[in-house]
Structures are given as C-alpha cells and as structure tokens.
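> 3D, please:
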Amino acid sequence: MLDSGYEMKSIRETCIDFFKSEDIKRDVKQMVQPIVGIIYNEIYPYIWLICFYHVFLILLIFIVLANLIILLRSIRMVSWTHTPMISQA
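Numbers count the residues shown, from 1 in each chain. Down below sits the predicted model:
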C-alpha cells in the first residue's frame, strides 16, 4: 500500500470547499434563478387555489359550529318549555 501522505476528502468536504468561492456561488445562483422562476410560475395558480380552499374550509367550519350552537340552544329551549309541571297535591 502506498502512503503518499495525502488524505482523501469526503464528498461533503469537497463540495463545501468548492462553494466557498464567491464566483462559484454567484454562478450557481445565476444558473438556478431561472429554474426557480419557472417552477414558481408553474405552481403559482395552485398556491392560490390552496389558499382559497383553506379560507373556504375555515368559513365552512365556522358555519357548522354556529349551526351546532344554534341547534343546542334550541334543543335546550324546547326541553324547558315542554317539561310537565309537577303539581303538588
């Protein structure tokens, strides 16, 4: 086995050393920016659709809870008005 005194770097360390350069960072950012823009433009309508869906869902939950409260109050009122009076003889 040859021992040249050179230690192999891991892939992670090699990548970290590669991206330490400001020129490389700028070049990678310039390459990735159009791709990110395209992806964002493609999913933009779906993001709005999800937002509107959640607003609709929250409103629907509040409507159901309001109906439940109204129903419980009306049941309690009906049970109060229709209880037979116990006469004391």
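
> helix or strand right after the lowest-mean-pLDDT helix or strand in the chain?
In the chain, no helix or strand scores lower on mean pLDDT, DSSP states H and E than helix 11-18, which sits at a mean of 86. Next helix or strand after helix 11-18 toward the C-terminus (DSSP states H and E): helix 22-81.

> and the least confident helix or strand of the chain, how far from the chain's centre?
Chain-centre distance of helix 11-18: 32 Å, with C-alpha atoms, centre = their mean, to the nearest Å.

> and what of stretch 35-50?
15 Å.

> could you give the angle of the least confident helix or strand of the chain to helix 22-81?
With axes from the mean of the first three to the mean of the last three C-alpha atoms, to 10 degrees applied, the angle from helix 11-18 to helix 22-81 works out at 110 degrees.

> and helix 11-18, C-alpha only, in CSV?
Written as CSV, here are the backbone C-alpha positions of helix 11-18 (Å, rounded to 0.1, in the frame of the first residue of the first chain):
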residue,chain,number,x,y,z
ILE,A,11,-17.6,14.4,-0.9
ARG,A,12,-19.2,16.7,1.6
GLU,A,13,-15.9,18.4,2.3
THR,A,14,-15.1,18.7,-1.3
CYS,A,15,-18.5,20.4,-2.1
ILE,A,16,-18.1,22.8,0.9
ASP,A,17,-14.6,23.8,-0.4
PHE,A,18,-16.0,24.1,-3.9
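
> list the buried ones in it?
Buried residues in helix 11-18, counted by 16 or more other C-beta atoms under 10 Å: none are found. C-beta here means a position set from N, CA and C on the backbone, and glycine is covered the same way.

> if I look at Glu22, how far off is Met77?
To Met77, Glu22 is 74 Å away according to C-beta to C-beta, to the nearest Å.

> no no, Ile69
13 Å.

> Over to Ile35?
For Ile35, the distance to Met77 (C-beta to C-beta) stands at 63 Å.

> Understood, closing this out.
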